[in-house]
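K.L.:
A structural model of the following input is requested.
(one chain, ligands or ions: 1)
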Amino acid sequence: MRRDSAYAEEQEFLERAVTRRAALIEELSAEPAGEAEDALDVARRRMVRRQLEELRRAEDGLVFGRLDGADGTIRRVGRVGLRSEDQGTGADVEPLVLDWRAPVARAFYTATAVDPQGLVRRRHIRTRDGVVTGVDDEPLDGSVGTELVGEGALLAALDQRRTGRMGTAIATLQREQDDIIRAGVTGPLIVQGGPGTGKTVVALHRVAYLLFTHQRMAERAVLVLGPSPRFLEYIGQVLPALGETAVVSATCDTLLPGVRASRAESRDVAEIKGRALWQGVLERYVTSLLPPARELKLRWAGEFHLIGAEAVRQAMGSAVRGRPYHRARKVFAELLHHLLAEAVAEQRETMLAEMEQGYEDILARIDRSARDDGPGDGRSGSDVDGVLSEEEIEDLRERIADDPAIARFVEAWWPTRDPEPLLRTLLTDRTLLAGFAPDLTAAEIDAVVTGAGGPAAGWASGDIPLLDALAALIGDRADGDDGIPGPGGEFVAERARRERGWVYGHVVVDEAQELSEMQWLMVLRRCPGRSVTAVGDIDQTEAPHRHTSWAQAVGAVFGDRWTAAELTVCYRTPREVMELTGPILVAAGSTGTPPRAVRSSGVAHWQRTVSPDRIAGEAASAVQRMRERWTGGTVGVVAPATRVEELRAAVEAGVPVVTATQAKGLEWDATLVVDPDGIAAEPRGWNGLYVAVTRCTQELGRLSPGA
Ligand SMILES: Nc1ncnc2c1ncn2[C@@H]1O[C@H](COP(=O)(O)OP(=O)(O)OP(=O)(O)O)[C@@H](O)[C@H]1O
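P.N.:
Numbering: from 1, shown residues only. Presented below is the predicted three-dimensional model:
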């Protein structure tokens, strides 16, 4: 009976919220179109557009929580905040629904029986298509104690069939997750968590929280870096569903506009190219491209002018001063225009002074008395003594700056450069590379040069951070604009994606354990303010670098100035499967412990050995049986790289067959791991096997080739 009345009560409230949302959408849609009046109007319109976008996407999960205070107050929590019907702007009236990201909503995720935060009850409300389908009450008065927040709702969410797309978890976030989501942004935050602990959930919900809380971050957009395009596709719906548009998602390989990694390279070479030492190598290389400071001879208006070596050296010194190559070149060109204008003026003064002297001598000889008031007394303008006024020198400088012949001279003396051919040259020339990379051994230099491919070879993944570093040291040819987001028409994310030197408000890195030092530097370049959240599991590392701790992984970029956080509970993988992982971690050389599984699927994992020639056929049958068992859900196959092609041809179309590396971050209801020993034998293969077996939410099957 109480239960029925709770459903009826929440249904009634939900209908009120649905009506209110429709009214707010209508109100905001009625905003005038046309040109914005001023900067304030641009900002206001952008905010309205954002609110409208959020409201439009908020149908699902419009209301998912309720907080009952000890003082009798009742508050509802939902995907977006809804102003109540009688809440004018700034009025002191409670909103109808609290935004889950608002500080007052935090208790929904953090209140416990031990620390009820003024609440007596938390209610989770499940809805589908405008109908309340579930109500779970959790007393916070100490009568019931559980470690989990909203256990019923959480377990129901975790037990759902997987669709192949990640969903939002705003209704069931757990306290340790919420603490990280709402952590301050004082510097890099590195979150360690085992498989299925919700690292991706935390990372994405943190983006939504930060964008909601920090308006300036929204103006600069947030970058989300993931391990693969497949992973980005998997998480692609989460942020739009949370109403976020100011987000750019990419992999390290797709971060440089117009450049793609199209070539595989050996792990050894990839490891060498990932080392932070390349930053110094490239800096020395770019410095070597600067022209030597020497006397310059320029022609202007038919006359030659000399700019002395010392003046050139000084101008170069003040032009370079930490600036990128092209920027320094531009500053030098401007200084050169000044120097030349002064040289021209000086030469003209000398010439006129000589002419004047000659003229005076002649006049003196003809009629000394007539020269009493002769030229030479006045001191303004380009009078006959030849001294040019400041305006005249400035005018001269402008004409010099506009002269294509002078521009051609500068180009010949200090040419503009393209990073791609420059890097190609460096990576294919042993002597050059040895000169700039004294810390690499001869064998390492040999490996890099031999592995670089021919002049027409594409770029490998390990080249992208080198290109990025080089492009930053060389700089854009033309001056970039001011970086202020454009007017209403364009979402900031579109612009950020297009512009190479874009500086983001925040960067989130998922599967961060995979990044090489050079890739970390690439991240830092996009967020010099170090507003970075990185999530990962050092025990799932498969990349060729040799990091076995976060301190090692980020030391080269952040030193020891970063904050560590940890997630300890596994929400994805059932207890039955997690029990298998201890020995795998030991074999991987890890000293860590697997996270604690929150649920049991009640399904035993299984293992079968089949003769090697039947393995693909057996895998196909096993997948079919799993598909039948998990109707409406998803099945994935993980195998050693050498078996992927054969298995793809054998199993049903649409069932993903991937390597352990490609499986990173993904999950399915059931996973078939084919040839686990083969996976373990791959480089860092025990870590790969750890990834492979932890992808399932329900069932794990293992198929091994054998006698
Ligand atoms: N608080 C939560 N409420 C509901 N579902 C959750 C919650 N936390 C995690 N999950 C679910 O658990 C699963 C694992 O989460 P997620 O992919 O974020 O983990 P992860 O730590 O990134 O895992 P891995 O490192 O293994 O890729 C996902 O299905 C996610 O939706």
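
K.L.:
Nearest residue to the residue in the stretch 601-707 of the chain positioned nearest to the ligand in space, please, no chain neighbours.
P.N.:
The ligand sits closest to Gly665 of the stretch 601-707 of the chain, with a gap of 4.3 Å, by Cβ to the nearest ligand atom. No exception for glycine: its C-beta is placed from N, CA and C like everyone else's. Nearest-residue entry for Gly665: Phe231, 4.5 Å, with adjacent residues in sequence omitted and distances by Cβ to Cβ, 6 or more residues apart in numbering.

K.L.:
How about the residues of the protein by the ligand?
P.N.:
154, 157-158, 166, 169, 172-174, 177, 193, 195-201, 537, 571-572, 665, 667, 694 (Cβ under 6 Å from any ligand atom).

K.L.:
how about the residue sitting nearest the centre point of the chain, secondary structure?
P.N.:
By Cα atoms, centre = their mean, the mean C-alpha position of the chain lies nearest to Leu223, the distance being 3.1 Å. Classification of Leu223 using DSSP: H, G, I helix; E, B strand; the rest coil returns strand.

K.L.:
next one: Val503
P.N.:
Using three-state DSSP, the structure places Val503 in coil.

K.L.:
Any chance of the backbone angles for it?
P.N.:
Backbone torsions for Val503, taken as degrees, to the nearest 10, come to phi -100, psi 120.

K.L.:
what sits against it?
P.N.:
Applying Cβ atoms under 8 Å, 6 or more residues apart in numbering to Val503 gives the contacts Arg220, Gly483, Arg526, Cys527, Pro528, Gly529.

K.L.:
I figured the third one hits Arg500, correct?
P.N.:
No: Arg526 sits out of contact with Arg500 when judged by Cβ atoms under 8 Å, with a separation of 9.9 Å.

K.L.:
Have a look at these two and say which one is more surrounded.
P.N.:
Arg526 (21 against 17; other Cβ atoms under 10 Å).

K.L.:
Can you list phi and psi of the residue of the stretch 351-500 of the chain found nearest the ligand for me?
P.N.:
Closest contact between the stretch 351-500 of the chain and the ligand, by Cβ to the nearest ligand atom, is at Ser461 (20.3 Å). Phi and psi for Ser461, reported as degrees, to the nearest 10, are phi -60, psi -40.

K.L.:
Not counting sequence-adjacent ones, nearest residue to it?
P.N.:
Closest to Ser461 by Cβ to Cβ, 6+ apart is Ala261, at 4.4 Å.

K.L.:
how close does that neighbour sit to Ala437?
P.N.:
Ala261 sits at a distance of 22 Å from Ala437 (criterion: Cβ to Cβ, to the nearest Å).

K.L.:
Mind checking which of these two has more residues around it?
P.N.:
Ala437 (22 against 19).

K.L.:
OK, contacts around that one?
P.N.:
Ala437 sits in contact with Leu277, Trp278, Val281, Ile445, where contact means Cβ under 8 Å, 6+ apart.

K.L.:
circling back: contact partners for the residue nearest to the centre of the chain?
P.N.:
By Cβ under 8 Å, 6+ apart, the contact list for Leu223 reads Val247, Val248, Ser249, Ala250, Ala496, Tyr504, His506, Val507, Val508, Arg526, Cys527.

K.L.:
The first one bridge partners, please.
P.N.:
Going by DSSP bridges, Val247 is paired in beta bridges with Val222.

K.L.:
Only the buried subset of the contacts of Ala437, as a ChimeraX command please.
P.N.:
Applying 16 or more other Cβ atoms under 10 Å to the contacts of Ala437, the buried members can be selected in ChimeraX as follows:
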select :277,278,281,445
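
K.L.:
Which one of the contacts of Ala437 is nearest to Leu467?
P.N.:
Of all the contacts of Ala437, Trp278 has the smallest distance to Leu467: 10.8 Å, by Cβ to Cβ.

K.L.:
For the strand or helix carrying that closest one, buried residues please.
P.N.:
Secondary-structure element containing Trp278, defined by DSSP states H and E: helix 277-288. Within helix 277-288, the residues that count as buried by 16+ other Cβ under 10 Å are Leu277, Trp278, Gln279, Val281, Leu282, Tyr285, Val286.

K.L.:
which other helices and strands contact that helix?
P.N.:
In terms of contacts (3 or more Cβ pairs under 8 Å, 6 or more residues apart in numbering; DSSP states H and E), helix 277-288 is packed against helix 419-428, helix 430-436, helix 463-474, helix 517-526.

K.L.:
all strands of the stretch 351-500 of the chain, in order?
P.N.:
459-460 (DSSP state E, counting those that start in this stretch).
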